[in-house]
Structure formats: structure tokens, C-alpha cells
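J.: Here is my input, please return the structure:
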Amino acid sequence: MNQVITRASAQESGEPQYYQFSIPAPGGAQWVSVSLGYRRSADFDRANQPGQDYAIVRAGYGSVVGVVADGVSQSFYGHFAAEFVAERLLEYLWERRKTPPSAHQLNGILHEFEREFKTRIDCYVLPTRLQPLQRHALEQTRRQAGSQAVFAAFVLDAEAKSIRLFEVGDALAVVHCSRGETNGSHSKVIQADHRGRWSSAGRTNLLLEEINERDVKGIVIKSDGAKDWGASLASHRFNRAAFFEVAPEFAGYDDVSFVAAVFQDERSDEISAIVGEGLNQSPPPVMIIPIDPAPTLHSSAPSSLPPEIYTHGPKPAKRRRDWKSFAFGSGAGFLLAGVGLLGLLWGKVFTFKPNAPACKVTVSKIQVPVEAAGTTMELDVSADKNCKWSVTGVPPWIRINPRHEQSGNGHLVFSVSQNTGPKREDSFEVGGNTLLVKQVADINGPSSSPDSEIVNKAQENGSKNTQATAEQKPAQKDTERPAAAKKTTEKLAPTKKNAEKPAPANTKATKSPGTSRRKRQPETQK
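T.: Down below sits the predicted model:
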């Protein structure tokens with residue numbers, strides 16, 4: 001009997017999950033082994049919060065469609081976006097599995113999904129027990145960023161052994177092909193632009209990428225938390241036991257999820273297992289769909305979305321949410337919301353990813369001297385492959401390229417404009433490193449005036465030297481000097497006091513600021 005099998009991850013479970021089943025490939029010579037694995041981040045175990053990833057797969061009639069979505073943790077309840085886009089995308093691609101859409105067509109559909117999802121997110125009522133600062137921070141995030149996710153999705157044609165892969169953001173895909181190497185097979189890791197986002201706010205760029213491959217032996221799509229899982233399809237390295245061994249370690253850093261489809265010569269055992277419960281001898285019922293020219297498909301995958309958001313009917317009663325997904329308790333949740341609010345007030349964006357491993361960024365120079373004429377310089381930036389860094393706090397007289405966020409090793413090019421004034425210095429941040437730029441003053445700028453000048457005046461009673469303090473003013477031009485000299489040689493009318501006490505010859509009369517007297521105006525000479 002022909003059947004369609006659907007499996008999906010449970011975001012609330014704190015145990016590793018693994019599902020496996022097989023479908024016959026057209027022609028009857030091979031089977032396609034389909035598997036799905038999931039483990040939420042260990043940071044969510046303490047308060048039993050839902051994980052941010054969501055994985056779902058459907059197989060039958062010679063086709064396999066799989067989707068892995070990773071909710072952006074600093075967005076508005078990112079796990080909502082992950083589950084919504086994964087389930088809607090699975091339905092859309094399954095209906096078109098024989099003629100998959102192009103990237104252009106899917107791009108328009110994804111924007112329609114965003115608008116539909118926005119109406120549900122906008123109407124969602126926050127729990128009343130949240131603290132005021134928590135509510136304010138969440139409302140700000142809902143309006144500005146929305147609920148966001150990244151994803152990888154594929155459509156496998158088992159008869160043609162071809163796939164069409166779609167990616168948004170930093171979700172990963174490993175494609176194993178049966179050509180290109182001397183041993184008859186090779187694999188390639190495919191990742192789209194990490195800046196891509198699917199969001200309920202509709203303000204982000206999808207940056208959707210489409211990849212087509214033929215002669216495929218297998219494909220693994222996964223979240224970035226799955227690290228190198230799926231790099232090898234060897235039976236001893238890619239099975240339930242191997243996944244249960246590495247999942248707890250991977251979960252120490254992030255959520256872990258994957259979907260895989262691999263061609264095999266023999267049918268693999270059907271597995272529905274969760275650590276702590278052992279093998280489930282009575283796996284959950286599969287969705288069986290009889291052959292129909294125009295079948296109406298309804299997903300049997302449970303959903304953790306609230307009833308007002310989940311579009312495939314009411315949420316199963318046993319899958320309840322306690323809404324501790326944002327707050328670890330009143331104290332820690334209040335503190336987290338306060339930090340987020342301060343970040344919004346100061347115009348900064350703080351990204352919170354559970355227990356992300358620290359990375360180090362170094363710059364080839366931390367202090368740069370620059371001439372007054374300005375210059376353009378290039379510095380080397382060293383960082384780990386997945387370590388992201390950016391440039392912030394750049395002063396207006398410095399231009400930076402690139403301004404957007406980078407990852408791994410790179411180069412920083414910046415230009416310093418010409419300085420026409422005094423010396424200046426300022427700094428900016430490069431991946432947490434402070435780079436100081438010092439620019440010297442313009443040597444061709446205006447010079448200061450002399451503080452004082454000595455004027456010799458001739459008196460009628462003899463030669464007398466008088467020191468006069470001049471005001472600070474620009475030097476007089478040559479054409480003005482005769483007039484100035486004429487003024488300084490004008491004779492003052494002798495006063496009675498001067499006549500009674502003439503100054504001795506060859507004696508310099510000094511005037512201090514404390515004993516200076518105002519000069520008497522000269523008499524008008526007719």
C-alpha cells in the first residue's frame with residue numbers, strides 16, 4: 001500500500017529524538033532511508049523551555065521533502081517563526097514536489113507567509129504574569145524585529161536522484177554526490193548568506209538561494225548547532241547510536257536538528273526513539289494517504305504554536321506550553337528584560353544566543369598615526385571561521401569599508417579625511433578592539449601675532465626710551481607703517497608735573513601694569 005510518512009520534532013522535549021524510516025525508490029533497486037534528529041539546547045532544560053529549532057520531513061511516492069528551521073533567539077519568540085515557516089513550507093513544496101518552484105517563485109510565497117504570520121503575531125496577547133519591563137522589551141521587539149527564523153529545505157526526486165535546495169540564513173546543507181572524485185563520491189557543504197532572515201515584521205532581506213544537484217547519494221540539512229554531523233554517511237558514523245552520543249555535547253552550545261535522505265541498497269529499520277525511553281516498539285501512527293489525483297494533505301505533525309497562531313487546527317491538548325520561554329523566573333526574567341530595554345534606549349542591539357562559544361578577534365594595529373593630508377589604510381583582521389565581528393563608533397572624519405558585519409579573517413579599509421585645523425585623535429571599535437587614530441595638525445595654518453612691540457619716542461627734553469605694550473593684532477602692512485610712525489612721533493604737550501620732575505638722561509622709564517597711568521590726549525595742533 002502506498003503511503004506518505006511525516007515526522008516532526010518536539011520542541012518541548014529535553015531528550016534527544018531520532019526517527020528513521022525507508023521508502024522504495026522507483027524501479028525497486030534501492031531504498032531511500034529518511035531520518036530526523038533533534039535535541040534542544042541544554043540551556044532550555046532548566047525551566048523546561050521550548051527549543052528554537054524545528055525539523056519536519058515527509059516522504060512517499062518516490063519523493064522526499066524536508067525542512068529544518070532555526071528560530072532567531074533575540075527576536076520575538078523565534079521558535080514560533082521556526083515552526084510556522086517549516087510547516088507551511090513543507091506543505092507548499094510537497095504539493096509541488098514533481099515541479100519544484102524556482103527561487104523567484106518561492107521568494108514571493110515566503111513574503112506571503114510573512115504577511116500571514118504577522119497578523120497572528122500582532123494579535124498574540126502576552127502572558128499577564130510578565131513584568132512591565134519584560135512586556136515593554138517584548139513589544140519593542142515585536143514591532144521592530146518580529147519573530148524571525150532561518151531555514152534549509154529540499155525536494156528530492158528519488159527516480160532522477162536529483163535535489164532542489166533552498167536556503168535562507170546560516171542553516172547548513174551537506175550534499176553527497178556519486179561523481180567528481182576518484183573514489184566515486186564526494187560531498188559539499190552549502191550555506192547561504194548568514195544575514196538572511198524570514199520575519200513576521202517583513203523588514204528583513206530573505207537573501208534566498210537555490211541550488212540544484214544531480215547524481216545525489218544523499219543530503220543532510222541541519223541547523224548550525226549540529227556542527228559536523230552528516231559529513232560522513234558511513235553506517236557506523238551516521239545512525240541512531242552515533243547521534244545520541246554527540247547530541248548532548250552539541251546541545252551544550254545550541255539547539256541541534258537535522259533531516260537526512262540517503263540512498264541505500266537495503267531497507268533500513270524503522271526507528272522511533274527517545275533517550276531515556278529506549279526504542280519505541282509502538283511508533284506514533286504514520287499519516288497514510290491513498291493515491292489520489294488531487295489529494296488534500298493535512299499534516300499530522302503536532303505543533304507547539306498557540307491555537308491562535310497554529311494554522312492547521314487546534315493544538316493537541318497534551319502539548320501544553322507553560323510560557324516560561326522568556327523568563328527563567330521573576331528575578332532572572334526581570335533582569336534580562338531590563339538589559340534588553342537599556343539596549344533599546346541606547347540604540348544598541350544585544351544578541352542573546354544560549355551559551356555561544358566565545359571567539360577572539362585581533363587587529364594588526366591598534367594605533368595609527370596619520371599625516372594632515374589624510375590617507376587610506378588597510379588593516380588585517382584575524383578571527384575564527386564562524387566568529388562574527390563588526391565596526392562601531394566611527395568618527396565622522398573617518399570612512400570605513402565594509403560597514404556590515406563580517407565573519408572570520410578579513411581586511412578593514414578606512415580613509416581619513418584631510419585635516420585643516422589643529423591635531424585630532426579619536427577611536428572606534430573593531431570586533432571589541434579599540435583602534436586609535438591620531439592625525440597631526442595642518443602646518444600651513446595661520447600663525448599667531450607677536451605679543452608686544454617696542455616703540456621709541458623722541459621727546460623735546462632729550463632722548464628717552466619708552467616701552468609700550470601693544471595689543472595682540474595682526475602685523476601691519478608696509479603701506480600702513482608711515483602713518484603708524486607718524487603717530488608714534490607726535491609730541492605730547494608737556495605737563496606741569498613733567499616740567500617739575502624731568503627724567504634723567506639715558507634712563508629707561510618702565511611702567512608696570514599696577515602703576516600705569518592713562519595717557520593724556522595731545523593738544524590739537526593748529
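
J.: Which strand residues bridge the nearest residue to residue 271 once chain neighbours are set aside?
T.: The shortest distance from residue 271 to any non-neighbouring residue, by C-beta to C-beta, 6 or more residues apart in numbering, is to residue 20 (4.0 Å). To be clear about C-beta, it is placed using only N, CA and C from the backbone, and glycine gets the same treatment. Beta-bridge pairing for residue 20 (DSSP bridges): residue 35, residue 271.

J.: Would you mind listing the buried residues in the host helix or strand of residue 250?
T.: For residue 250, the enclosing helix or strand under DSSP states H and E is helix 240-251. By 16 or more other C-beta atoms under 10 Å, the buried positions in helix 240-251 come out as 240, 242, 243, 244, 246, 247, 250, 251.

J.: picking up where we left off before, go ahead and confirm the residue nearest to residue 271 touches residue 33.
T.: Yes: contact criterion C-beta atoms under 8 Å: residue 20 and residue 33 qualify, at 6.7 Å.

J.: Would you mind telling me which of the two has the busier surroundings?
T.: Shown here are residue 20 and residue 33; by other C-beta atoms under 10 Å, residue 33 has more neighbours (24 against 21).

J.: so where is the stretch 151-300 of the chain shaky, pLDDT-wise?
T.: In the predicted model of the stretch 151-300 of the chain, residues 179-185, 273-300 satisfy pLDDT under 70.

J.: Recalculate using a threshold of 90.
T.: Applying pLDDT under 90 to the stretch 151-300 of the chain flags the ranges 177-188, 191, 202-205, 224-228, 230-239, 251-253, 264-300.

J.: Would you state the strands of it in chain order?
T.: 162-168, 172-177, 186-191, 198-199, 209-213, 216-222, 256-264, 271-274, 278-279 (DSSP state E, counting those that start in this stretch).

J.: could you dump the ones you listed to CSV with distance to residue 102?
T.: Putting the strands of the stretch 151-300 of the chain into CSV (distance: least, C-beta to C-beta, whole Å) gives the following:
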stretch, distance to residue 102
strand 162-168, 9
strand 172-177, 18
strand 186-191, 17
strand 198-199, 18
strand 209-213, 7
strand 216-222, 19
strand 256-264, 22
strand 271-274, 35
strand 278-279, 42
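
J.: Please parse this structure into its domains.
T.: Domain segmentation of the chain under automatic domain parsing yields 5-279, 361-439.

J.: What's the mean pLDDT across the shortest one?
T.: Over the span of domain 361-439, the pLDDT mean works out to 84.

J.: Give me the phi and psi for residue 120.
T.: Backbone torsions for residue 120, taken as degrees, to the nearest 10, come to phi -80, psi -40.

J.: how far away is it from residue 42?
T.: Separation of residue 120 from residue 42 (C-beta to C-beta, to the nearest Å) stands at 30 Å.

J.: List the contacts of residue 66.
T.: By C-beta atoms under 8 Å, 6 or more residues apart in numbering, residue 66 lies in contact with 34, 36, 55-58, 90, 153-154, 156, 221, 259-261.

J.: Adding distance to residue 194, write those out as a markdown table.
T.: What follows is the contacts of residue 66, written out as a markdown table (distance: C-beta to C-beta, whole Å):
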| residue | distance to residue 194 |
| --- | --- |
| 34 | 28 |
| 36 | 24 |
| 55 | 20 |
| 56 | 23 |
| 57 | 24 |
| 58 | 28 |
| 90 | 23 |
| 153 | 17 |
| 154 | 19 |
| 156 | 25 |
| 221 | 16 |
| 259 | 20 |
| 260 | 23 |
| 261 | 25 |
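
J.: which SS state does residue 86 fall under?
T.: Classification of residue 86 using DSSP: H, G, I helix; E, B strand; the rest coil returns helix.

J.: now do residue 133
T.: Taken by three-state DSSP, the conformation at residue 133 corresponds to helix.

J.: That one and residue 43: what is the separation?
T.: Plainly put, residue 133 is 21 Å away from residue 43 if you go by C-beta to C-beta.

J.: out of the buried residues of helix 240-251, who's nearest residue 380?
T.: residue 250 (31.9 Å; C-beta to C-beta).

J.: wait, the closest one sits on residue 227?
T.: Yes: counting by C-beta under 8 Å, residue 227 is a contact partner of residue 250 at 5.8 Å.

J.: Show me whatever sits in contact with both of those two.
T.: Between them, residue 250 and residue 227 share no contacting residue, judged by C-beta under 8 Å, 6+ apart.

J.: circling back to that earlier point, between residue 20 and residue 33, what contacts are shared?
T.: Joint contacts of residue 20 and residue 33 (C-beta under 8 Å, 6+ apart) are residue 268.

J.: quick one on the thing from earlier: taking the domains of the chain together, which one is wrapped up most tightly?
T.: Of the domains of the chain, the one with the most neighbours on average (mean count of other C-beta atoms under 10 Å) is domain 5-279, at a mean of 20.
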